[in-house]
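Engineer: My questions concern the predicted model and sequence given below.
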Amino acid sequence: QILDKDSIRNCAENFFQNLVQQFIQKYKGQGWFSEKDSLPDANELNLLCDFLRGDFERVRTIRERLEEFDRQVKSYTAEQYRILDSIQINDRCVTQGSAGTGKTMIALESAIRAASEGKAVFLTCFNRLIGEWMQKQAEEWKDNITVSSLHSFLFEISKGYDYDKSQSNKQDFYTKYLPTLLKDIFQKGISRKFDKLIIDEGQDLIRDEYLNLFDAMLNGGLSNGNWEIYGDFERQAIFAQISKEEMFSLISKHAQPTKFLLKINCRNTKQIGEETSLISGFEKPPFLLEHLEGIPVEYIFYNDEVHQKQLLDEQLTKFTASGLPLNELIIVSPRKFENSCVDSISGAAIREIKRTSEISATQSFFGFATVQSYKGMECNYVLITDIEDLSSEAAKSLLYVGMSKARYGLILLIAESMRNQYRKILKSKLN
């Protein structure tokens, strides 16, 4: 008899019960065999177990726990691939999904599939960091896939044209002037149009000026062309100025797309997913949580700015002692670097991350980013500082974005003045 992983998966107890019965059937006709005396009793079985494998305890390192977590995450992609396959037979699609449901990965894979068919693809997003990350992932396909955040793309392509440079100082330079300029360029056939358009972070890019530009730069336009939009239209629309309903109304003026919904969170542990939903004001999680077990979310309260700096320094010292590379943790804040508690902290080297190329396993500093600039990214450990509002809708949206970036460990530094508000949130959970 062989005890293998299939036997263990199907129930090891059944395996041993069958083993005993087969042993009895084989030897019950032998003169020496007695069913009462020939089989081992409980004490003899314990002695045998101790001989083969005595009791021992082994403490797993943080790195080993993270590697196991990564293996579990990669097994929760069936829903994403089902939707990806469905998207391939629909020319115009909108895919909705909460943080961590795999929107960016599907967008990237869809772009690569289209490029492999020889199509010219434009893959864009709102956030510069996630744009750079996607560009690196699609490097092999750069001849067919143009990857860039929309604002970076607008700025780069406009360099070759003569326009009123004084407009660059105006507030609507990226939202109105450049989109209108580039729309005219594509309509006149000066720039080559794309065969496929893929928009990530769609909740931040659905506005008339951008849609008119997309319509001009796509073969067949938005009405008859091939395009996909991915977005979280609930809490991650932190740059949007219109509601979810208004966004879909704008899209419907051009086409009636097929809609898909991603529900399974394949980024966060169960603990992080539940706490993110709780703090950001959802009555129940906006996604299905798989059994990705992790460590508890830490809430740490500070009395004043000096105390917060002290607590931050303690957490960074603790993380350094774990032996993990410093790029495994990102510090995020609703405030800019110079206005946050990380400015002038003495105990650790902290640097603002402005480009993804600054992040590496050998970096000698802790990275910092605003919640807004880090949207769309993720990190194994996230430490959020300067939390002084838990009740406003704007604060809830920022916390949702910041907290959902943590894959395995999450720490929040919260002002003591928010403790009662935090208790009310916990009470609502219990009710």
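Structural biologist: Great, that's in hand.
Engineer: Please count neighbours and contacts with C-alpha atoms only from this point.
Structural biologist: Noted.
Engineer: the longest helix in this structure is where?
Structural biologist: Ordering each helix of the chain by length in residues (DSSP state H) puts helix 5-27 first.
Engineer: Show me which residues of it are buried.
Structural biologist: The neighbour-count check on helix 5-27 (16 or more other CA atoms under 10 Å) flags residue 24 as buried.
Engineer: Helix, strand or coil: sort out the residue most central in space within the chain for me.
Structural biologist: The centre of the chain sits closest to residue 100, judged by CA atoms, centre = their mean, with a distance of 3.9 Å. Classification of residue 100 by DSSP: H, G, I helix; E, B strand; the rest coil places it in coil.
Engineer: I'd say it and residue 269 touch.
Structural biologist: No: Residue 100 lies out of contact with residue 269 (CA atoms under 8 Å); the separation is 10.3 Å.
Engineer: rewinding a little: contacting residues around the residue nearest to the centre of the chain?
Structural biologist: By CA atoms under 8 Å, 6 or more residues apart in numbering, residue 100 lies in contact with 265, 266, 267, 268, 404, 405.
Engineer: Please apply the same query to residue 261.
Structural biologist: Listed by CA under 8 Å, 6+ apart, the contact partners of residue 261 are 95, 96, 97.
Engineer: try residue 96
Structural biologist: Residues in contact with residue 96, defined by CA under 8 Å, 6+ apart, are 103, 230, 231, 232, 233, 259, 260, 261, 262.
Engineer: Among those, which ones are in strands?
Structural biologist: If you go by DSSP state E, these have 230, 231, 259, 260, 261, 262 in strands.
Engineer: PyMOL command for the buried members of the residues you listed?
Structural biologist: For the buried members of the ones in strands among the contacts of residue 96, the matching PyMOL selection, counting by 16+ other CA under 10 Å, is:
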select buried, resi 230+231+260+261+262
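Engineer: Go through the ones in strands among the contacts of residue 96 and name the one nearest residue 27.
Structural biologist: Of all the ones in strands among the contacts of residue 96, residue 262 has the smallest distance to residue 27: 57.7 Å, by CA to CA.
Engineer: Name the residues of whatever helix or strand residue 153 lives in that are buried.
Structural biologist: Residue 153 belongs to helix 150-158 when assigned by DSSP states H and E. Across helix 150-158, burial judged by 16+ other CA under 10 Å covers 150, 151, 152, 154, 155, 158.
Engineer: Show me the two of these that sit farthest apart.
Structural biologist: Farthest pair in the buried residues of helix 150-158 (CA to CA) is 150 and 158. Separation: 12.1 Å.
Engineer: Who are the packing partners of the helix holding residue 153?
Structural biologist: Helices and strands touching helix 150-158, as assessed by 3 or more CA pairs under 8 Å, 6 or more residues apart in numbering; DSSP states H and E, comprise helix 178-187.
Engineer: Which other helices and strands does the helix it packs on contact?
Structural biologist: Other elements packing on helix 178-187 under the criterion 3+ CA pairs under 8 Å, 6+ apart are helix 150-158, helix 208-217.
Engineer: again, only this time at 6 Å
Structural biologist: helix 208-217 (3 or more CA pairs under 6 Å, 6 or more residues apart in numbering; DSSP states H and E).
Engineer: And the average pLDDT for the helix it packs on is what?
Structural biologist: Averaging pLDDT along helix 208-217 gives 96.
Engineer: Would you mind identifying the next helix or strand past the helix or strand of the chain with the lowest mean pLDDT?
Structural biologist: Within the chain, judged by mean pLDDT, DSSP states H and E, the helix or strand with the poorest mean is strand 288-289; its value is a mean of 58. Sequence order places strand 298-302 as the next helix or strand after strand 288-289, per DSSP H and E.
Engineer: List the buried residues for that next one?
Structural biologist: Buried residues in strand 298-302, counted by 16+ other CA under 10 Å: 300, 301, 302.
Engineer: how about the first one, what does it touch?
Structural biologist: So that's residue 300. Neighbour list for residue 300: residue 413 [criterion: CA atoms under 6 Å, 6 or more residues apart in numbering].
Engineer: Would you mind measuring from it to residue 383?
Structural biologist: In this view, residue 300 and residue 383 are 11 Å apart by CA to CA, to the nearest Å.
Engineer: For the residue nearest to residue 175 when sequence neighbours are not counted, grab the count of nearby residues.
Structural biologist: With CA to CA, 6 or more residues apart in numbering as the criterion, residue 175 has its nearest non-adjacent residue at 7.0 Å, and that residue is residue 209. When neighbours are defined as other CA atoms under 10 Å, residue 209 has 18 of them.
Engineer: wait, what's in contact with residue 194?
Structural biologist: Residue 194 makes contact with 120, 121, 218, 219, according to CA under 6 Å, 6+ apart.
Engineer: what do you get if the cut-off is 7 Å, keeping everything else the same?
Structural biologist: Listed by CA atoms under 7 Å, 6 or more residues apart in numbering, the contact set of residue 194 reads 120, 121, 122, 217, 218, 219.
Engineer: doesn't residue 124 fall inside a helix?
Structural biologist: No: Residue 124: not assigned to a helix; according to three-state DSSP it is strand.
Engineer: correct me, but it touches residue 152?
Structural biologist: No: Residue 124 is beyond contact range of residue 152, at 9.7 Å (criterion: CA atoms under 7 Å).
Engineer: that older thread, closest one to residue 282 out of the contacts of residue 100, please.
Structural biologist: Taking CA to CA as the measure, residue 282 lies nearest residue 404 of the contacts of residue 100, at 13.2 Å.
Engineer: The closest one and residue 276 touch, don't they?
Structural biologist: Yes: shown here, residue 404 and residue 276 form a contact pair, counting by CA under 7 Å, at 6.4 Å.
Engineer: how near is the residue nearest to the centre of the chain to residue 405?
Structural biologist: In terms of CA to CA, residue 100 sits 8 Å off from residue 405.
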